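>>> Just need the structure, nothing else, for what follows:
(one chain, ligands or ions: 1)
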Amino acid sequence: MVRKVTNKWWLVIILTVVLLGAAFAGCAQNKTQTTTTTTKATPTAKPTATQTQEKAESYKLVNPGYLTVGMDATYPPFEFINETNHQFQGFDVDLMKAVAQEMGLKPKFVNVAWTGIIPGLEAHKYDCICSAMTITAERAKQVYFSRPYFVASQVIVVRANDNRIHDVKDLNGKVVGVQLGTTGEFFAEKLLKQGIKFTLKKYQTTPDALLDLKDGRLDAVIIDNGVALWMAKKCPEDYKVINERLTHELYGIAVAKDNPALLKAINQALNKTIQDGTYTKIYEKWFGTKPDIKLLLNSTVQEAIQGS
Ligand code: ARG
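All right, here's what the predicted structure looks like:
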């Protein structure tokens, strides 16, 4: 009888220890800990609770050890494929290499069509999007945006020898090209609503639109200033940029809504690259001028959403 009671008590003690251990292991989100019970039930379990905190805040990655970045790599100088070595290159590519390094991760780039780029993020094909993406209210309903990393605007590009177009009013009666699903398209739609009449042609990629402009199938293209200036500099005999900033836009890195911890980590790394001069070096490499760091640091996601 006495023996039986003792056995029962042992059972209770063991069960308590096991349950306590399981409870701590549950917090730590570490399956392997459920098997080791005693250490978790003792006061030494406290550090585990701290680890728990860190673990709970840690982010998910599509490929462990890598920051996988989705981009529509048809957008020089932000993201494009090097014709000789077939590598990803551009301002966004260098920036994300620096951000990944700051996070202790290796960068990995995935080339995606622009129209499927947000669904691909939501489907976890990549961890984030860095693709000269303007922060807009509509997009912010679907994704989280990092702090702004680039100040941009829409501009009109025309053929170098065409002197008919000086501002948006001159688009009346013309054929205008945009990349489908971009802020260039949204701006063109707005002009149409305002009563400026032109034929709008939508392209899957910006280079496709620029090619049609060069070949005379379009009179103008509305695109981001960075790309327009790059193209005009590269092919001055083909293109020129109308010197008017039509919008005020801010680019952000997009992260899936179920990964807020990743957004936080990306923001931290991005801020670091801006503050330690890495950002400026990358900017100078691709644009040949110094960035307006003050303007950038004063820009916020909220402002971009309200202004869109
Ligand atoms: N900034 C524009 C937008 O967000 C155009 C971006 C297009 N980016 C690209 N890689 N094709 O709509």
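
>>> okay, CA-based contacts and neighbour counts for the rest of this
Fine.

>>> where does Asn172 fall, phi/psi-wise?
The phi and psi torsions at Asn172 (degrees, to the nearest 10) take the values phi -50, psi 130.

>>> residue contacts, it?
Neighbouring residues of Asn172 by Cα atoms under 8 Å, 6 or more residues apart in numbering: Ile196, Lys197, Phe198.

>>> ok, now how distant is it from Ile196?
To Ile196, Asn172 is 6 Å away according to Cα to Cα, to the nearest Å.

>>> Which of the contacts of Asn172 sits closest to Asp292?
Distance to Asp292 across the contacts of Asn172 (Cα to Cα) is lowest for Ile196, with 33.5 Å.

>>> How confident was the prediction at Thr84?
Per-residue pLDDT puts Thr84 at 96.

>>> secondary structure class for it?
Using DSSP: H, G, I helix; E, B strand; the rest coil, the structure places Thr84 in coil.

>>> neighbours around it, how many?
6 (other Cα atoms under 10 Å).

>>> how much space is there between it and Phe187?
Here the criterion is Cα to Cα. By it, Thr84 lies 35 Å from Phe187.

>>> ok, the closest residue to the ligand within the stretch 151-300 of the chain to Ile135 distance?
Closest residue of the stretch 151-300 of the chain to the ligand, Cα to the nearest ligand atom: Thr182 (3.2 Å). Distance from Thr182 to Ile135, counting by Cα to Cα: 11 Å.

>>> which of those two has more neighbours?
Ile135 (30 against 21).

>>> what sits against the more buried one?
Residues counted as contacts of Ile135 (Cα under 8 Å, 6+ apart) are Phe145, Pro148, Glu249, Leu250, Tyr251, Gly252, Val301, Ala304, Ile305, Ser308.

>>> buried subset of the residues you listed?
Phe145, Pro148, Glu249, Leu250, Tyr251, Gly252, Val301, Ala304, Ile305 (16 or more other Cα atoms under 10 Å).

>>> quick one: which of these is nearest Gly70?
Checking the buried ones among the contacts of Ile135 against Gly70 with Cα to Cα, the nearest one is Gly252 at 13.0 Å.

>>> so the closest residue to that closest one other than its chain neighbours, which of the three states?
Distances taken as Cα to Cα, 6 or more residues apart in numbering put Pro148 closest to Gly252, at 4.8 Å, once the chain neighbours are dropped. Assigned with three-state DSSP, Pro148 falls in the coil class.

>>> right, and Pro148 touches Leu250 too?
Yes. Using Cα atoms under 8 Å, Pro148 makes contact with Leu250 at a distance of 5.6 Å.

>>> How about the residues of the protein by the ligand?
71-75, 114, 131-134, 182-183, 224 (Cα under 6 Å from any ligand atom).

>>> let's see 5 Å
Asp72, Tyr75, Ser131, Ala132, Met133, Thr134, Thr182, Thr183 (Cα under 5 Å from any ligand atom).

>>> Which of those residues fall within helices?
Thr183 (DSSP state H).

>>> now, among the residues of the chain next to the ligand, which is nearest to Tyr203?
For the residues of the chain next to the ligand, the nearest to Tyr203 is Thr182 (10.1 Å; Cα to Cα).
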